[in-house]
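Participant: 3D, please:
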Amino acid sequence: MSIEPSHEIAPPKLPPVIVGLLGRCPRCAKGSMFKGLIALADTCTVCALDLTFADTGDGPAFFASFIGGFIILGVGVWMQVAYEPALWVYPLVFIPFGFVVCVGLLRLVKGVLVSLQYANNAGQGRLDL
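Facilitator: Numbers count the residues shown, from 1 in each chain. You can find the predicted model right below:
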């Protein structure tokens with residue numbers, strides 16, 4: 001599916017990464033890209049961009065867990081060096097903390113990937129035989 005840019009709507013002045021982090025429509029940067037926490041809306045409420053072109057696959061989950069892992073590891077090392085808590089403290093603290101970090105990053109990363117997908121007119125790879 002090809003994404004046709006609309007000539008009636010000026011492209012956003014913000015870079016695609018910023019537009020994605022804000023969760024805004026990649027075409028107009030005014031409407032919301034999401035209809036829930038991480039579910040994409042079908043269309044933009046402002047410019048009516050069809051967002052069904054976006055297929056991020058497992059990319060957001062990979063990047064969120066990868067980046068979140070480094071954040072959680074850094075906090076864990078800091079906590080060990082600063083406080084030296086008992087072993088039972090780690091699961092008590094880091095299971096909820098890890099969940100919040102990864103889910104929080106998931107929305108941000110998904111927004112960035114969809115925005116970059118639109119900005120670069122990315123689509124499915126094809127072999128021309």
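Participant: which one is Gly98 nearest to, not counting chain neighbours?
Facilitator: Ile72 (5.1 Å; CB to CB, 6 or more residues apart in numbering). All C-beta atoms are positioned from the backbone trio N, CA, C, and that covers glycine.
Participant: and the one you found, what is it in contact with?
Facilitator: 94, 97-98, 101 (CB atoms under 8 Å, 6 or more residues apart in numbering).
Participant: For the one helix or strand it maps to, what does the pLDDT average out to?
Facilitator: Using DSSP states H and E, Ile72 maps to helix 59-83. Mean pLDDT, helix 59-83: 96.
Participant: Now that helix: buried residues?
Facilitator: Neighbour counts over helix 59-83 (16 or more other CB atoms under 10 Å) mark 60-61, 63-65, 68, 72 as buried.
Participant: helix or strand right after it?
Facilitator: Next element after helix 59-83 (DSSP H and E): helix 89-119.
Participant: Can you list the buried residues in that following helix?
Facilitator: 94, 98, 101-102, 105-119.
Participant: tell me what it is packed against?
Facilitator: helix 16-22, helix 59-83 (3 or more CB pairs under 8 Å, 6 or more residues apart in numbering; DSSP states H and E).
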